[in-house]
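Visitor: Sequence and computational prediction follow.
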Amino acid sequence: MVIKDNLPKVLIVGINAWREDGTAHTLMDIFRCWNPDKLALVYSRADMPDTTVCNHYFQISETQVMRSVLRPWIRVGKEVQRQPVGTPADVEAEHERYARAHKKASPWMPLAREMVWKLGHWKTKALKTFVKNFDPDILFIPIYPVVYMGWIQKYIINLTGKPTVCYLADDNYSYDSCKGILQYIHRYWLRRQVGPIARKSNQMFVIVDKEKEDTDRCFGTDSVILTKSIDFIGKTYEHHTPDISLKFVYTGSLLIGRDKTLALLADAINQINSGGERVELYVYSQTEPSDDILRRINNGASHFCGRIGRDEVLKVQKEADVVVFAEALEGKDANVAKLSFSTKITDYLSSGKCILAIGREYIAPIDYFNRYDAAIIAHSENEIHEAVIKLINNPELVDSYGEKAFNTAKRNHERDLLNKRFVTTMLKAIE
C-alpha cells in the first residue's frame, strides 16, 4: 500500500466546494486516499469548503465574477479555509439563483453565463499566487458541460506547465443531447475547450465501460475506469422483508427530464393504489420541479419532500424498501446520461436496497444494472407500471435484488481496489 506522505501534490480545478454535507461528493470521495496537505482545490461556487480531505482552497465565486463585469476594480477570488458552520447570505442567494434558472430553463441561460465569465475579471494576482505557492506536481482536471471551466483549467495548465489527468464522468463532448440551435452553439463552444485539454492530457479517467469505449474512440486515449469507492470492512448484507405497503424513495436531481420520469412513477403508484394503498413514493431533491410536475409528484401516496442534508439522505435510503434511479425517457434528455454513472448508483448498490432503475436501455447506467442483474429495470411508462406491480406481487424480490445490488457493489467498487488503481495511474502520469 502506498504511504500517503509519498504521494505527489495535486491541484484540482472544479466547480463545487468540497463539503461533507453537500450533494457533490465524487471528487472528494476519490481523493480520500490522499494526504490532505498535498491537495489543493480551485473552485467556482460561493459555498465554503467543509471537509478534512483537502487543506488548501481557492474560491472564484461566480457572484463576484458577475459583479466584476461592471465593476472591474472589485476583488475576485480568494484563498479560503474550512467553514464547518453557518451558511453565508451570498451562498443562499446563489442557491436561489440556480434554482430559479433551472426551473425556468431558458435556452439563453448557458450562453449568457459563459459571456459573464468571458467578460469577468477572474485572472487575478491572487489566483496566480495561490497556484504558484502550492506548486503542484500534477493537475486533476474534471471535464464539465460549461465553457468557462475550460478557460480556468487552460489558464492554470499553462501557468504551471505540469502534467495533467482528466476525469470525464458524463457525455460533455458529443451533440447527442443538444436541442435547438442555441444548445448546438454552446456545445460547439464547449468542444473547443474540451477537445484540446483531453487530447493533451497524460491520462484520462472515465466512470463506466460504455464511456471508456466512446472516449477512447474520440480522443485516442486508453482511459481508466474510476468510480466512487466503498469501504466494505465490517459490512455484510442485511436481509430485508418489506411491510405490506412498499416504500419507494428517490434522492437526487430532477433536472434533464428526471422530473417527468418521477411524475410517471407517481402516476403509476396512485393508479395502483386506487384499490387501497400498497405503495408510497418519497422524492427528496434540491431541484424544485415546475408547478405541473409538482402537482403530479406531490399527490396521493407520492410526496415531494424537498432538499435534505447528506446524513438525512443516507437515513431515508436506509428506511426505504426500494430506492429509485431515474433518467429521462423522452427525446434528447434521454441522451444526456448515456455515458454517466452517478455516485447515487454506488450509494444505492452498497446500501443493499432493491433498486428500481428507469431509463432507456442504451444509456450507461441502465446497461450497467442490466449487465450485473443488479436492479428491477423499466424502459418505458408501461414498464414502470409493470415493475411496481411485480414488486407488490413478489415482495421476496425486494430482498433478492437488494442482495444482488450489494454483491455488485462489493465486486466492482471496493475501496482498496479502486484506490490502488487511482494512485498507480496518477504516479504513472507523472513519470
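Guide: Looks like it came in fine. Numbers count the residues shown, from 1 in each chain.
Visitor: and residue 132, what is it in contact with?
Guide: Shown in contact with residue 132 (CB atoms under 8 Å, 6 or more residues apart in numbering): residue 159. All C-beta atoms are positioned from the backbone trio N, CA, C, and that covers glycine.
Visitor: Report the buried residues of the helix or strand where it lies.
Guide: If you go by DSSP states H and E, residue 132 is part of helix 125-134. By neighbour count with 16 or more other CB atoms under 10 Å, helix 125-134 contains the buried residues 127, 130-131, 134.
Visitor: can you give me the helices for the stretch 1-150 of the chain?
Guide: Counting by DSSP state H, counting those that start in this stretch, the stretch 1-150 of the chain has helices at residues 26-30, 62-70, 89-104, 109-119, 125-134, 147-160.
Visitor: Highest mean neighbour count out of those?
Guide: Of all the helices of the stretch 1-150 of the chain, helix 26-30 has the most neighbours on average by mean count of other CB atoms under 10 Å, namely a mean of 21.
Visitor: CA atoms of that one as PDB?
Guide: What follows is helix 26-30 as a C-alpha-only set of coordinates in PDB (Å, rounded to 0.1, in the frame of the first residue of the first chain):
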ATOM      1  CA  THR A  26     -17.500  12.300  -6.400                       C
ATOM      2  CA  LEU A  27     -14.100  14.100  -6.500                       C
ATOM      3  CA  MET A  28     -13.900  14.400  -2.700                       C
ATOM      4  CA  ASP A  29     -14.500  10.600  -2.300                       C
ATOM      5  CA  ILE A  30     -11.900   9.800  -4.900                       C
END
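Visitor: lowest confidence element among the helices and strands of this protein?
Guide: Every helix and strand of the chain was ranked by mean pLDDT, DSSP states H and E. The lowest is helix 89-104, at a mean of 55.
Visitor: OK, contacts around residue 363?
Guide: Applying CB under 8 Å, 6+ apart to residue 363 gives the contacts 327, 334-335, 337-340.
Visitor: scratch that, residue 328
Guide: If you count contacts by CB under 8 Å, 6+ apart, residue 328 has them with 256-258, 260-261, 334, 336-337, 359.
Visitor: swap in residue 16?
Guide: Neighbouring residues of residue 16 by CB under 8 Å, 6+ apart: 22, 24, 27, 43, 45, 47.
Visitor: List just the nearest of the buried residues of helix 125-134 to residue 293.
Guide: Here the nearest of the buried residues of helix 125-134 to residue 293, counting by CB to CB, is residue 127; it sits at 40.3 Å.
Visitor: Please name the residues that touch the closest residue to the closest one other than its chain neighbours.
Guide: Counting by CB to CB, 6 or more residues apart in numbering, residue 77 is the residue found nearest to residue 127 once chain neighbours are left out, at 5.0 Å. The contact partners of residue 77, by CB under 8 Å, 6+ apart, come to 58-61, 64, 122, 124, 126-127.
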